[in-house]
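Student: model the structure of this input:
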Amino acid sequence: MKRFLPDVNALLALLDPMHVHHDAAHHWYRQNSPMQFLLVPHVENGVIRVASQPKYPNCLGTSRKVREVLQEFVSRTKAKSCEQEVSLLDDGVLLRPDSLTPARVSDLYLLALAAANKARFATFDKRVPADAVTGGEGAFELIPADPST
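Tutor: Down below sits the predicted model:
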């Protein structure tokens, strides 16, 4: 069974029916099912933080409500936690330290984590330098923003 670790935006797209990539995310999900999701607190907390902000275009409610929506998703999809942990301080994990910019810390961490857990890092962000982490190129899953491609 395929295993995927989504980033915050990919998970938001699956949960929020008004998200710009909602249809694309569900098309990708159908194309790859059956699958197993791997989730980490970093992503879970990010979803709660973003989706509960009143300024978020389709605020899903209070932090408590978003937490409940996320708990239901975890239960329904039987999502698991990652077993292996990684650190970007490890030279064996981060192959190209020059790629570690403030905008890429989370992406590279999640990509390295996916690779270490024999999963694929699912994202809409095509700018992630997959070759910057060990196993990154094989663990990178670009979700097509246009389901027809």
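Student: tally of neighbours for Leu95?
Tutor: For Leu95, the neighbour count with other CB atoms under 10 Å is 16. All C-beta spots, glycine's among them, are computed from the backbone N, C-alpha and C.
Student: with Cys82 as the reference, measure out to it.
Tutor: Remark: distance between Leu95 and Cys82 (CB to CB, to the nearest Å) = 20 Å.
Student: pLDDT score for Asp146?
Tutor: With respect to pLDDT, Asp146 has a value of 87.
Student: buried ones in the longest helix anywhere in the chain?
Tutor: The longest helix of the chain (DSSP state H) is helix 63-77. Going by neighbour count (16 or more other CB atoms under 10 Å), the buried part of helix 63-77 is 66-67, 69-70, 73.
Student: average pLDDT across that helix?
Tutor: Averaged across helix 63-77, the pLDDT comes to 97.
Student: alpha carbons of it, as PDB, please.
Tutor: Extracted C-alpha coordinates of helix 63-77, given in PDB (Å, rounded to 0.1, in the frame of the first residue of the first chain):
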ATOM      1  CA  SER A  63      -9.300  25.600  16.900                       C
ATOM      2  CA  ARG A  64     -11.300  23.100  18.800                       C
ATOM      3  CA  LYS A  65     -13.600  22.500  15.800                       C
ATOM      4  CA  VAL A  66     -10.700  22.100  13.400                       C
ATOM      5  CA  ARG A  67      -9.100  19.700  15.800                       C
ATOM      6  CA  GLU A  68     -12.300  17.600  15.800                       C
ATOM      7  CA  VAL A  69     -12.400  17.700  11.900                       C
ATOM      8  CA  LEU A  70      -8.800  16.500  11.900                       C
ATOM      9  CA  GLN A  71      -9.400  13.800  14.500                       C
ATOM     10  CA  GLU A  72     -12.300  12.500  12.300                       C
ATOM     11  CA  PHE A  73     -10.000  12.500   9.200                       C
ATOM     12  CA  VAL A  74      -7.300  10.500  11.100                       C
ATOM     13  CA  SER A  75      -9.900   8.000  12.300                       C
ATOM     14  CA  ARG A  76     -11.600   7.700   8.900                       C
ATOM     15  CA  THR A  77      -8.400   7.300   7.000                       C
END
